[in-house]
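Undergrad: Quick check, what structure comes out for this input:
(one chain, ligands or ions: 1)
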Amino acid sequence: MTLDLYVDGRWTASASAERIDVVDPTSEERIGSVPAGAADDVDTAVAAARRAFGQWSQTAPSTRAEFVSRLADELERRQDEITDIVVAEVGTPRRVARWAQVGLGIVDLREAVTAAKDFPWEEPLRNSLIVREPVGVIGCITPWNYPLHQITAKIGAALVTGCTVVVKASEVAPFTARALAEAVDAVGIPAGVFNLVHGYGPIVGEAIAVHPDIDMVSFTGSNSVGKRVLELAAGTVKRVSVELGGKSAAVLLDDLSDEEFATAVPHTVRACYMNGGQSCNAQTRLVVPRSRLAEAEELAAKAVAAYAPGDPTDGDTKLGPMVTAAQRERVLDYIRAGVEAGAKLVAGSVDAPARTGFFVEPTVFSEVDPDSTIAQEEIFGPVLSIIAYDTPEQAVEIANGTIFGIAGAVWSGDPERAKSVARRLRATQIEVNGGKFNGAAPFGGFKQSGHGREGGAFGLEEFVEIKSLQL
Ligand code: NAD
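TA: Predicted structure coming up:
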């Protein structure tokens with residue numbers, strides 16, 4: 001009997017004997033398994049989280065933040081080892097995985113700790129005292145693409161606000177979550193505050209969504225599953241935050257110098273291909289003035305040369321495999337759809353490289369119709385679509401012309417003009433002239449990219465109920 005679940009401060013066995021194999025996408029070999037958990041596992045974990053909530057919710061925010069801070073320290077201590085786990089189960093190139101996978105998870109926790117210090121737990125309003133209290137027991141359902149960060153972005157904020165959590169990690173990449181649970185255990189977070197269950201979405205995920213003793217679900221994943229979770233959660237009128245897909249655009253305005261243009265294009269290629277294009281905020285559409293289309297194609301093709309698919313454990317590799325065979329097929333289908341729709345293939349191939357591993361060639365399409373499938377749907381692979389525009393107004397329309405709104409970028413020779421266009425984009429995180437990522441800034445979706453925000457104080461706000469004492 002394997003003790004794979006972390007419930008009530010102990011490693012415990014699942015109620016289900018069925019197992020799910022975990023496969024290394026580079027070698028295509030099985031690297032282990034986790035239980036295909038049962039609804040009973042969720043019941044046990046929720047009961048533990050409910051019991052722990054009583055004490056944890058009454059613990060001082062500074063003490064809760066101290067535990068989360070120690071958890072960040074412990075992850076930092078184990079950063080190399082956890083990086084290896086992510087590389088093995090997701091296939092992220094090691095040089096990227098260390099900071100973008102594990103480093104980001106640590107940043108999430110540290111930002112939650114910082115935000116807790118200045119958070120308005122209580123504040124006067126005329127004759128009222130406004131009090132922010134934890135929502136309760138949170139069900140966290142997370143995807144495989146950033147298997148640590150997707151969990152820490154939720155639990156850092158949830159734990160400092162006094163909530164307790166039941167985490168269902170992705171069955172595709174569950175070992176990073178196990179390492180996180182080991183770290184929780186090592187730093188002595190009280191029993192029941194953090195619980196980890198494994199299993200398939202339709203069983204374990206749905207048991208979380210409908211559970212009467214879970215107060216809120218924080219979901220990150222695909223749009224189809226997000227909608228299902230929203231429907232199921234409606235039965236108990238739970239609060240739900242959903243972080244879903246994206247189709248982000250980088251808009252290059254018509255006033256860029258040659259040098260600026262030559263910076264913006266490879267920057268966008270990088271922002272598209274990060275983690276093999278398997279990022280919800282990937283900049284998958286490059287929107288350029290029609291007069292500069294040929295220049296954009298040439299620069300993109302040149303940038304792509306650095307992304308030869310390779311072994312993610314090799315320090316030089318920038319593009320690893322897709323996470324699963326199914327994901328590779330999905331991406332190849334989209335590349336075929338692009339060719340069939342008449343888009344110009346500037347780089348890449350409709351065929352997978354002839355080698356072991358779930359690889360696809362880094363792909364760039366040009367002359368892409370902004371309404372075509374490859375320009376509208378989330379591909380979740382290294383596929384960039386270059387789209388031409390005739391007027392800046394049209395550029396904004398194209399950028400806003402999908403159901404998604406998670407991220408984007410604007411480049412202009414005039415920073416004020418860039419900001420004014422950035423304000424018009426219906427998406428949450430917009431890079432202006434290559435502006436750097438900020439872990440304290442809000443992350444989340446406009447439109448069908450979801451609702452709710454993660455990051456810093458914005459993340460904490462998701463997990464509090466606001467009430468007032470009339471004095
Ligand atoms: P997914 O929707 O298939 O799975 C996400 C999680 O939901 C997994 O843990 C899965 O087991 C669970 N699940 C599956 N079916 C379920 C059901 N019926 N009920 C409850 N839970 C269920 O997504 P994925 O393939 O793991 O991740 C890729 C998707 O996640 C992409 O669409 C991507 O854009 C999105 N994503 C969004 C963000 C964001 O912040 N907006 C971040 C990362 C990934």
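
Undergrad: and after the helix or strand of the chain with the lowest mean pLDDT, which helix or strand comes next?
TA: Least confident helix or strand of the chain, by mean pLDDT, DSSP states H and E, is helix 94-96 with a mean of 95. Downstream of helix 94-96, the next assigned helix or strand under DSSP states H and E is helix 104-118.

Undergrad: Point out where the chain drops to low pLDDT.
TA: The model of the chain has pLDDT under 70 over residues 1.

Undergrad: what's the domain layout of it?
TA: As assigned by the TED database, the chain contains the domains 5-244+449-470, 249-438.

Undergrad: Which stretch among these approaches the ligand most closely?
TA: With Cβ to the nearest ligand atom as the measure, domain 5-244+449-470 is the member of the domains of the chain nearest the ligand (2.0 Å). In short, each C-beta sits where N, CA and C put it, glycine included.

Undergrad: ok, and does that closest one reach over to the ligand?
TA: Yes - residues of domain 5-244+449-470 contacting the ligand under Cβ under 6 Å from any ligand atom: 141-145, 150, 168, 170-171, 201-202, 205-206, 209, 220-222, 225, 228-229, 243-244, 449-450.

Undergrad: Now, of the residues you listed, which are buried?
TA: With neighbours counted by 16 or more other Cβ atoms under 10 Å, the residues of domain 5-244+449-470 next to the ligand contain buried members at 141-145, 150, 168, 170-171, 201, 205-206, 209, 220-222, 225, 228-229, 243-244, 449-450.

Undergrad: from the residues you listed, which ones fall inside helices?
TA: Among those, the residues falling in helices (DSSP state H) are 150, 206, 209, 225, 228-229.

Undergrad: Contact distance from the ligand - what residues of the stretch 301-450 of the chain qualify?
TA: Neighbours of the ligand within the stretch 301-450 of the chain, by Cβ under 6 Å from any ligand atom: 378, 380, 406, 445, 449-450.

Undergrad: Span of stretch 46-66 from start to end?
TA: By Cα to Cα, to the nearest Å, the extent of stretch 46-66 from end to end equals 24 Å.

Undergrad: middle-most residue in the chain, spatially?
TA: When Cα atoms, centre = their mean is applied to the chain, the residue found nearest the centroid is Gln150 (5.2 Å).

Undergrad: any idea how far it is from Val90?
TA: Using Cβ to Cβ, to the nearest Å, Gln150 is found at 11 Å from Val90.

Undergrad: Now render the residues of the stretch 301-450 of the chain next to the ligand as a markdown table, adding distance to Val421.
TA: Shown next, in a markdown table, are these (distance: Cβ to Cβ, whole Å):
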| residue | distance to Val421 |
| --- | --- |
| Glu378 | 23 |
| Phe380 | 27 |
| Ile406 | 17 |
| Gly445 | 20 |
| Ser449 | 19 |
| Gly450 | 23 |
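
Undergrad: my guess is Asp108 meets Ala158, correct?
TA: No - Asp108 is beyond contact range of Ala158, at 11.2 Å (criterion: Cβ atoms under 8 Å).

Undergrad: Going by neighbour count, list what's buried in stretch 204-218.
TA: Result for stretch 204-218 [16+ other Cβ under 10 Å]: buried residues 204-211, 213-218.

Undergrad: Check stretch 280-292 too.
TA: Buried, per 16+ other Cβ under 10 Å, within stretch 280-292: 280-289, 292.

Undergrad: Distance to Gly338 for the residues you listed - can I get that in CSV?
TA: CSV is the format used below for the buried residues of stretch 280-292 (distance: Cβ to Cβ, whole Å):
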residue, distance to Gly338
Cys280, 20
Asn281, 21
Ala282, 16
Gln283, 17
Thr284, 12
Arg285, 12
Leu286, 14
Val287, 16
Val288, 17
Pro289, 22
Arg292, 21
